[in-house]
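> predicted model and sequence follow; I will ask about them next.
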Amino acid sequence: MADIKITTESFEKISGDQSQNQEKINAPSLTFFQDAVRRLKKDKIAVVSFFVLVFIALVAFCAPILSPRDPNAQNPNYANLPPRIANTNIPGFRGLTKNAAGIKVNSYTTNNVPKNRTYILGTDYLGRDLFSRILYGTRLSLIIAFVATLVDLLIGLPYGIISGWKGGTVDLVMQRIIEVISSVPNLIVVILLLLVLKPGLSSIIIAIAFSSWVTMARLIRAQTLQLKEEEYILASLTVGESPFKISMKHLIPNLSSTIIIQTMFSIPNAIFFEAFLSFIGIGIPAPNASLGTLLSDGQKAFRFLPYQMWYPALVLCILMIAFNLFADGLRDAFDPKSE
């Protein structure tokens, strides 16, 4: 092998001072939230869940536009019609059902339904359009969940910050109150509240939010106890900042990840709890529809008309799964140790 001779021509002289380039950082500077979004985008399941939730929310809140019929309009002549889509041969959407002899017949022809009148997801026992009721029921369940979670946040956040910041006797008394509320089962508290309050949307929201804020308060208190010992908090106290300004400038921004993650877990819990209350008959009063009332009505005829329960149950399952998967993705994104 021939020897390689190194001469002065083998080197290139660099002109100018290169010390600044040696310390230059080529990677872009990211804030905490930008870095969290970057982590979240890498989680494909969480991203898909987010778009599924956005789609369901848009469709539900556009119910007055997308709904083909009044969800509460009754037509006993068209009761218990199976799903049908015009000019299609998709199994399960042809308007066929079995009669007493076990023979498949076209229920739309039997009930003298006009050819131009179809029900995409069928009708219930009162002849109400099931598709319209699912749209409005999903919207009502989402409204209850979002408002109840907002009330949960408005109570739990300041309660946890005050308890953790004050400490001592104040913290002791406030934590004993939380323990008393937590010792009573949520279902009993909600039932008692619904017996006192007039049944309706506001009563359900108050009943759900009454006990659900406890988890938020405990998490915020635990984080506040850690943050108040940080040097920047002690420096703010030294220069005379008030506790309120410290909370707004330092505590809440640093608690944002905990707040967001807990909020995302609280929403599906509120949806499920509302559905449970409506399912057992102490939730949204008739004739308004929610996912719980639709499930309650559908299970009564599930043996013979299973579609009346399948579709609202499918929507509820998708909502619960998507919210939980998205919340898991947020928890991993806001945790710097996850990578």
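Okay, I see it.

> quick one: the strands in the stretch 51-200 of the chain?
For the stretch 51-200 of the chain, the strands defined by DSSP state E, counting those that start in this stretch occupy 96-98, 104-106.

> closest one to S257 among those?
strand 96-98 (51.7 Å; Cβ to Cβ). To be clear about C-beta, it is placed using only N, CA and C from the backbone, and glycine gets the same treatment.

> got the buried residues for the closest one?
Buried positions in strand 96-98, judged by neighbour count with 16 or more other Cβ atoms under 10 Å: T97.

> in its sheet, what does it sit against?
With DSSP bridges as the test, strand 96-98 is paired with strand 104-106 (antiparallel).

> quick revisit: now the strands of the stretch 51-200 of the chain in CSV, with distance to K300?
Shown next, in CSV, are these (distance: least, Cβ to Cβ, whole Å):
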stretch, distance to K300
strand 96-98, 17
strand 104-106, 23
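
> nearest to M320, of those strands?
Using Cβ to Cβ, those put strand 96-98 closest to M320, at 29.8 Å.

> what sits up against that closest one?
Here strand 96-98 makes contact (Cβ atoms under 8 Å, 6 or more residues apart in numbering) with P82, K104, V105, N106, S107.

> now find how far off-centre that strand is within its chain.
Remark: strand 96-98 is offset 37 Å from the chain centroid, using Cα atoms, centre = their mean, to the nearest Å.

> what's the neighbour count on F276?
Neighbours of F276 under the rule other Cβ atoms under 10 Å: 15.

> that one: what secondary structure?
When states are read from DSSP: H, G, I helix; E, B strand; the rest coil, the local structure at F276 comes out as helix.

> how near is the nearest residue to it once chain neighbours are set aside to L140?
Nearest non-adjacent residue to F276, counting by Cβ to Cβ, 6 or more residues apart in numbering: G292, 6.5 Å away. Here G292 is placed at a distance of 10 Å from L140 (Cβ to Cβ, to the nearest Å).

> and the two? which has more neighbours close in?
For G292 versus L140, the count of surrounding residues by other Cβ under 10 Å is larger for G292: 29 against 23.

> contacts for the helix or strand encompassing the more buried one, please.
For G292, the element it lies in under DSSP states H and E is helix 291-300. Residues from elsewhere that reach helix 291-300, judged by Cβ under 8 Å, 6+ apart: 124-125, 130, 133-134, 137-138, 141, 271, 274-281, 283-284, 286, 305, 308-310, 312-313, 315-316.

> ok, stretch 175-188 next?
Residues contacting stretch 175-188 (Cβ under 8 Å, 6+ apart): S163, V189, S211, S212, V214, A217, R218, R221, F273.

> separation between S107 and V239?
The gap separating S107 from V239 is 77 Å, by Cβ to Cβ.

> between the two, point out the one with more neighbours.
Neighbours were counted for S107 and for V239 using other Cβ under 10 Å; S107 has more, 21 against 6.

> then the helix holding G292 to CSV, C-alphas only?
This file holds the C-alpha atoms of helix 291-300, laid out as CSV (Å, rounded to 0.1, in the frame of the first residue of the first chain):
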residue,chain,number,x,y,z
LEU,A,291,-76.3,8.7,25.7
GLY,A,292,-77.5,7.2,29.0
THR,A,293,-81.2,7.6,28.3
LEU,A,294,-80.7,6.1,24.8
LEU,A,295,-78.9,3.1,26.3
SER,A,296,-81.7,2.7,28.9
ASP,A,297,-84.4,2.8,26.2
GLY,A,298,-82.4,0.4,24.0
GLN,A,299,-81.7,-2.3,26.6
LYS,A,300,-85.5,-2.7,27.1
